[in-house]
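Novice: Test case, fold it:
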Amino acid sequence: MASEPKKVDRRKFLYAGLGVVALIAIGAATYVAMNPPVVTQTVPTTSVVTTTSVVPTTSVVTTTSVVPTTSVVTTTVSTVPATVSERAINGARVLVASGKVPKGATIRILHVAGSRAQIEAAIPSWESATGTKVELVTVGTEGDVYTKAMQEAVTKSGAYDAITIFSTWNGDLIEAGLARPLDDFYEKYDPGYGSNAPCSPIEPLASYVTKYKGKRYTVDLDADVYTLTYRKDLFENSEYQNGFKKQYGYDLKPPETWDQVLDIAKFFTELKLKAPTGAPFYGAYFYAEPRFAAYTTWITIFTSLGGILWDTKTMDAKVDSKEGLDALNKMIKLIPYMPPSALTAGWADLYDRYAKGEVAMAMAWPSMIKEAERPEAFTKGKNGVSLVPGSYVDVGGTRKLIRAAPNPVNWVGIVSNYAKYPELAYLFLQYMTSPEIGPTVILSGTILDPFRQCWFHGSYRDVMEAGYTPEFLDAFEESIAHSFPDIVIRGGGEYTGKLTENVNAAMTGTKDPEKALSDTASEWDKITDKYGRSDQLTAWQALVNLFPDDVKEVWKAKGYL
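Specialist: Here you go, the predicted model:
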């Protein structure tokens with residue numbers, strides 16, 4: 001890698017081509033095999049013909065038409081399809097057969113450039129199976145998507161049928177009236193969510209990225225949950241193991257707590273090793289810069305300590321609580337054991353330095369392991385992956401380890417309230433994220449990562465290992481189950497922006513930690529009042545219910561719930 005941080009998409013990786021080809025073949029067998037029987041009937045002059053088709057989840061669509069003279073009417077009749085992708089295809093066919101959607105109709109999807117290859121992977125088979133078209137409207141950055149989506153909320157032009165967005169924007173786009181509620185489509189077509197589904201998205205992620213104020217508004221496309229990646233070759237080195245145990249009194253292993261993170265980071269930094277690049281070697285790299293400092297590191301420590309962002313009765317900000325200060329102080333203690341660029345550089349610097357062999361451990365998105373396992377990376381074959389560190393908290397007199405993993409900027413799909421073909425757009429989103437087609441999509445490009453249970457096991461396991469590693473898949477599945485939501489309420493970006501600005505100020509020494517958090521709380525209260533305290537409280541109360549059970553248990557023990 002070059003000395004400057006490599007300009008890569010946040011989740012760029014090199015995937016195994018054979019695995020993807022195999023997946024495409026498997027997926028093709030599913031949708032090509034699904035051909036409902038065709039019934040042909042002769043109709044006398046000027047008669048009324050009623051055709052009935054059984055569609056997914058046993059819904060019934062009836063279409064009535066006047067047919068002049070003797071003609072032939074062809075009706076597609078299908079039984080309830082067995083798979084999520086079949087239900088989507090069959091639903092689209094029924095829409096066309098009923099005349100609700102014309103044959104050859106085109107849905108338009110607004111998305112960021114980095115996801116194009118993945119969405120495209122599902123389009124040819126969809127078009128072949130349904131007789132409808134998909135047009136991608138590609139923009140360069142995530143910010144471009146947000147801007148165009150908010151413009152559409154104002155103009156209501158119907159330019160897009162569906163939009164892929166960060167779940168962080170859910171509150172803004174739903175409250176702006178852009179995102180169509182999807183509960184009716186979920187019920188009608190069954191995308192395979194819920195405890196009884198054989199390949200459901202892993203909870204609590206499945207709910208907190210798709211629900212807002214108790215209703216479904218999105219289809220999950222992704223899992224952006226953090227894991228800890230560490231230098232397995234260093235952690236398993238007997239010399240380092242003996243030295244660490246002698247100094248700290250316990251075994252050197254992936255840290256379970258943030259206190260252990262500090263010990264390990266200090267230990268490896270003080271060894272004064274040299275990286276292969278000749279740069280100083282540091283024990284850790286956690287985001288502490290102006291964009292992600294609070295959005296990832298601080299909020300992870302804070303949540304594991306049992307902190308809660310807002311009061312659940314008043315919507316008063318609680319970031320300046322004892323848990324908030326403790327979390328910030330733990331971050332400040334890590335400063336000497338991280339590269340100085342951790343306080344100033346962009347997100348890609350962490351990837352770059354870790355892959356070059358300049359740090360012992362780092363916490364980031366799923367693409368971290370992909371970057372670290374690139375053929376040219378120094379760290380290839382040297383990586384271990386574990387759940388993010390946590391904290392021991394007293395719960396009803398019992399000391400319990402709470403490990404809460406952040407899920408920053410998870411991709412989801414919305415259907416526009418102004419779409420020309422909303423139902424068809426939803427069905428394509430269901431199809432591309434289905435258990436059968438989703439792996440092909442995920443392994444075809446850069447943005448989306450696995451989120452369904454069955455993708456980590458059985459026949460899908462070998463395929464997923466083509467793009468990831470076995471150890472990562474185990475840790476990632478567990479991390480999703482311990483994950484917690486973004487600030488998925490209106491103004492989410494404003495809240496996180498103010499928090500990160502102040503946390504970074506404390507990290508760089510330009511603000512006292514207590515003042516940084518009290519300033520944040522004051523600014524948060526202003527944001528809350530701007531959008532309406534009652535409305536914001538309703539959204540927050542709904543989001544609270546979607547946090548992991550052990551986190552809510554701590555909140556109850558502390559009297560926060």
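Novice: mean confidence for whichever strand or helix holds residue 425?
Specialist: Using DSSP states H and E, the element containing residue 425 is helix 422-432. The pLDDT scores in helix 422-432 average 98.
Novice: now that helix, how far from the centre of its chain.
Specialist: In terms of Cα atoms, centre = their mean, to the nearest Å, the centre of helix 422-432 is found 19 Å from the chain centre.
Novice: cool, and stretch 131-146?
Specialist: That offset, for stretch 131-146, works out to 18 Å (Cα atoms, centre = their mean).
Novice: which other residues reach it?
Specialist: 92-93, 96, 101, 103-113, 116, 119-120, 123, 126-127, 148, 159-160, 163-166, 169, 409, 424, 428 (Cβ atoms under 8 Å, 6 or more residues apart in numbering). In short, each C-beta sits where N, CA and C put it, glycine included.
Novice: which residues of the chain score low on pLDDT?
Specialist: Scanning the chain for pLDDT under 70 picks out 1-81.
Novice: Can you give the domain ranges for it?
Specialist: The record's domain split for the chain, according to automatic domain parsing, is 17-38+81-217+411-448, 227-407+486-558.
Novice: could those go into TSV alongside mean neighbour count and distance to residue 468?
Specialist: Converted to TSV, these look like this (neighbours: other Cβ atoms under 10 Å; distance: least, Cβ to Cβ, whole Å):
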stretch	mean neighbour count	distance to residue 468
domain 17-38+81-217+411-448	20	9
domain 227-407+486-558	20	6
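Novice: What is the top helix by length along the chain packed up against?
Specialist: In the chain, taking DSSP state H as the definition, the longest helix is helix 513-531. Judged by 3 or more Cβ pairs under 8 Å, 6 or more residues apart in numbering; DSSP states H and E, helix 513-531 is in contact with helix 322-334, helix 492-507.
Novice: Kindly export the last one (C-alpha atoms) in PDB.
Specialist: Same thing as helix 492-507. This file holds the C-alpha atoms of helix 492-507, laid out as PDB (Å, rounded to 0.1, in the frame of the first residue of the first chain):
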ATOM      1  CA  GLY A 492     -29.900  11.800  14.000                       C
ATOM      2  CA  GLY A 493     -27.100  13.300  12.000                       C
ATOM      3  CA  GLU A 494     -27.300  16.600  14.000                       C
ATOM      4  CA  TYR A 495     -27.100  14.800  17.300                       C
ATOM      5  CA  THR A 496     -24.200  12.700  16.400                       C
ATOM      6  CA  GLY A 497     -22.400  15.600  14.700                       C
ATOM      7  CA  LYS A 498     -22.500  17.700  17.900                       C
ATOM      8  CA  LEU A 499     -21.500  14.700  20.100                       C
ATOM      9  CA  THR A 500     -18.500  13.800  17.900                       C
ATOM     10  CA  GLU A 501     -17.400  17.400  17.700                       C
ATOM     11  CA  ASN A 502     -17.300  17.700  21.500                       C
ATOM     12  CA  VAL A 503     -15.800  14.300  22.100                       C
ATOM     13  CA  ASN A 504     -13.000  15.100  19.600                       C
ATOM     14  CA  ALA A 505     -12.400  18.400  21.300                       C
ATOM     15  CA  ALA A 506     -11.900  16.600  24.600                       C
ATOM     16  CA  MET A 507      -9.600  14.100  23.000                       C
END
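Novice: which residues are in contact with that helix?
Specialist: Against helix 492-507 from outside (Cβ under 8 Å, 6+ apart): 168-172, 288-295, 298-299, 319, 328, 331-332, 335, 343, 486-487, 511-513, 516-517, 519-520, 523-524, 527.
Novice: which residues sit in contact with the closest residue to residue 542 other than its chain neighbours?
Specialist: Excluding the flanking residues, the one nearest residue 542 by Cβ to Cβ, 6 or more residues apart in numbering is residue 213, at 4.9 Å. By Cβ under 8 Å, 6+ apart, the contact list for residue 213 reads 538-539, 542.
Novice: Also residue 162?
Specialist: 107-110, 413-416, 419, 425-426, 428-429.
Novice: try 6 Å this time
Specialist: Counting by Cβ atoms under 6 Å, 6 or more residues apart in numbering, residue 162 makes contact with 109, 413, 415, 425.
Novice: Out of the contacts of residue 213, which comes closest to residue 391?
Specialist: residue 542 (25.9 Å; Cβ to Cβ).
Novice: what's in contact with the strand or helix carrying the closest one?
Specialist: In this structure, residue 542 sits in helix 533-544 according to DSSP H and E. When contacts are defined by Cβ under 6 Å, 6+ apart, helix 533-544 is touched by residues 213-214, 310, 312, 315, 485, 488-489, 528.
Novice: For the residues you listed, name the two members farthest from one another.
Specialist: Longest span within the contacts of helix 533-544, Cβ to Cβ: 214 and 528, 20.0 Å.
Novice: Enumerate every residue touching residue 561.
Specialist: For residue 561, counting by Cβ under 6 Å, 6+ apart, the contacting residues are residue 555.
Novice: What's the end-to-end length of stretch 354-361?
Specialist: 8 Å (Cα to Cα, to the nearest Å).
Novice: contacts for that stretch?
Specialist: With Cβ under 6 Å, 6+ apart, stretch 354-361 has contacts from 1, 230-231, 234, 268, 275-277, 279, 282-285, 353, 362, 371-372, 377-379.
Novice: again, only using 8 Å
Specialist: Contacts of stretch 354-361 (Cβ under 8 Å, 6+ apart): 1, 228-231, 234-235, 254-255, 261, 264-265, 268, 275-277, 279-285, 338-339, 353, 362, 368, 371-372, 374, 377-379.
Novice: Take these and keep only those in helices.
Specialist: Secondary structure from DSSP H places 234-235, 261, 264-265, 268, 353, 368, 371-372 of the contacts of stretch 354-361 in helices.
Novice: any idea of the angle the helix or strand hosting residue 134 forms with helix 422-432?
Specialist: If you go by DSSP H and E, residue 134 is part of strand 133-139. For strand 133-139 against helix 422-432, the angle by axes from the mean of the first three to the mean of the last three Cα atoms, to 10 degrees is 80 degrees.
Novice: a markdown table for the contacts of helix 533-544, including secondary structure and distance to residue 84?
Specialist: Below are these laid out as a markdown table (DSSP: H, G, I helix; E, B strand; the rest coil; distance: Cβ to Cβ, whole Å):
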| residue | secondary structure | distance to residue 84 |
| --- | --- | --- |
| 213 | coil | 26 |
| 214 | coil | 23 |
| 310 | strand | 36 |
| 312 | coil | 35 |
| 315 | coil | 38 |
| 485 | coil | 24 |
| 488 | coil | 24 |
| 489 | coil | 29 |
| 528 | helix | 39 |
